[in-house]
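Colleague: here are the coordinates; sequence isn't available:
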């Protein structure tokens, strides 16, 4: 595996490989099994795998955890090489943003709810950095985890609207043995917070079963159930619980006959966790097993 820190180095590395299928896995580093599953999927489907590690300041608000976001590039490099990455792109902030950007990318409407409402400007930062990475790498495929289903929807719409020649490959959420969605932020949780945080996956699983069994037919039933279930944990502070069509992310009442996203964001202490389920659920094999 080669590690590069500049756009020029990466383009020089990829120039003779343009006739091969290139896969990109964009990350903010501190790699975990969720990232590894994306790398493995890319490794199986592509000739060249590019992993980017960049904690993007544009997608963090002024009171968010940019400065304390976990970083360990040496550890990431070891994991990436073992998983089959060909080139690790780890640019500095100055390399990605040599000047304060006057040009940014905004995907409207899809960002009006969920994390877009809770974190104003977040998805402008996401769309801008992903667009830059697509221009730098010019991948044939790019791999994203569905744990952040709104992000996947935003990136897919940006690609369609701007005619990026890249196929977006959404991959299923990877979970810990206790059901908690794998996240770099899980390291912030205390033992008690982590134990209580499993209510997110448990509540979503229960809702999925009830919806698929016809016991819940309206979004209000789902929201009320999840709010009650999550609020039973004293350390939980709900940011949002919502039910939307997917991938259009529009409000919905009746749940039958369309694909829906049930999404939650909850604070446990100072740590904000997101999770979701997309219904009807598809029988998908996790990326790491394909």
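Modeller: Now that the structure is in, tell me what you want to look at. Keep in mind that this is a model prediction, so the values were computed, not measured.

Colleague: Now do the helices in the chain.
Modeller: All helices of the chain, identified by DSSP state H, fall at 7-14, 33-45, 73-83, 93-96, 115-118, 122-137, 149-162, 191-197, 199-212, 219-231.

Colleague: quick one: average pLDDT of the last one?
Modeller: So that's helix 219-231. Averaged across helix 219-231, pLDDT comes to 98.

Colleague: mind checking pLDDT for the closest residue to residue 81 other than its chain neighbours?
Modeller: Of all residues not flanking residue 81 in the chain, residue 1 sits nearest, at 4.2 Å (Cβ to Cβ, 6 or more residues apart in numbering). All C-beta spots, glycine's among them, are computed from the backbone N, C-alpha and C. We have a pLDDT of 97 for residue 1.

Colleague: what's the answer for the one 3 residues further on, then?
Modeller: Residue 4 carries a pLDDT score of 98 in this model.

Colleague: Neighbours of it, how many?
Modeller: Using other Cβ atoms under 10 Å, residue 4 is surrounded by 18 other residues.

Colleague: residues contacting it?
Modeller: By Cβ atoms under 8 Å, 6 or more residues apart in numbering, residue 4 lies in contact with 10, 13, 87-90.

Colleague: Max pairwise distance over those residues: which two?
Modeller: Greatest spacing in these, by Cβ to Cβ: 13 and 90 (13.1 Å).

Colleague: out of these two, which sits in the more crowded spot?
Modeller: The neighbour comparison of residue 13 against residue 90 (other Cβ under 10 Å) goes to residue 90, with 19 against 16.

Colleague: so what's that one closest to, chain neighbours aside?
Modeller: residue 53 (4.6 Å).

Colleague: Make sure that neighbour is actually in contact with residue 27.
Modeller: Yes. Counting by Cβ atoms under 8 Å, residue 53 does reach residue 27; the two are 5.7 Å apart.

Colleague: where does the chain dip in pLDDT?
Modeller: In the predicted model of the chain, residues 283-290 satisfy pLDDT under 70.

Colleague: per-domain residue ranges of it.
Modeller: What automatic domain parsing lists as the domains of the chain is 2-171, 184-285.

Colleague: okay, those domains in a markdown table with distance to residue 178 next?
Modeller: Shown next, in a markdown table, are the domains of the chain (distance: least, Cβ to Cβ, whole Å):
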| stretch | distance to residue 178 |
| --- | --- |
| domain 2-171 | 14 |
| domain 184-285 | 5 |
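
Colleague: residue contacts, residue 116?
Modeller: Counted by Cβ under 8 Å, 6+ apart, residue 116 has contacts 110, 122-123, 150.

Colleague: Identify the farthest-apart pair in those residues.
Modeller: Spanning the widest gap among those are 110 and 122, at 12.2 Å by Cβ to Cβ.

Colleague: Surely residue 187 is in contact with residue 70?
Modeller: Yes. Here residue 187 reaches residue 70: they are 5.9 Å apart, a contact under Cβ under 8 Å.

Colleague: between the two, which one's more packed in?
Modeller: residue 70 (15 against 11).

Colleague: Residue 73 and residue 54 touch, don't they?
Modeller: No. The pair residue 73 / residue 54 is not scored as a contact, 10.5 Å apart, by Cβ under 8 Å.

Colleague: Looking at those two, which is more packed in?
Modeller: Counted by other Cβ under 10 Å, residue 73 and residue 54 do not tie: residue 54 has more neighbours, with 19 against 15.

Colleague: How much space separates that one from residue 4?
Modeller: Residue 54 sits 12 Å away from residue 4, going by Cβ to Cβ, to the nearest Å.
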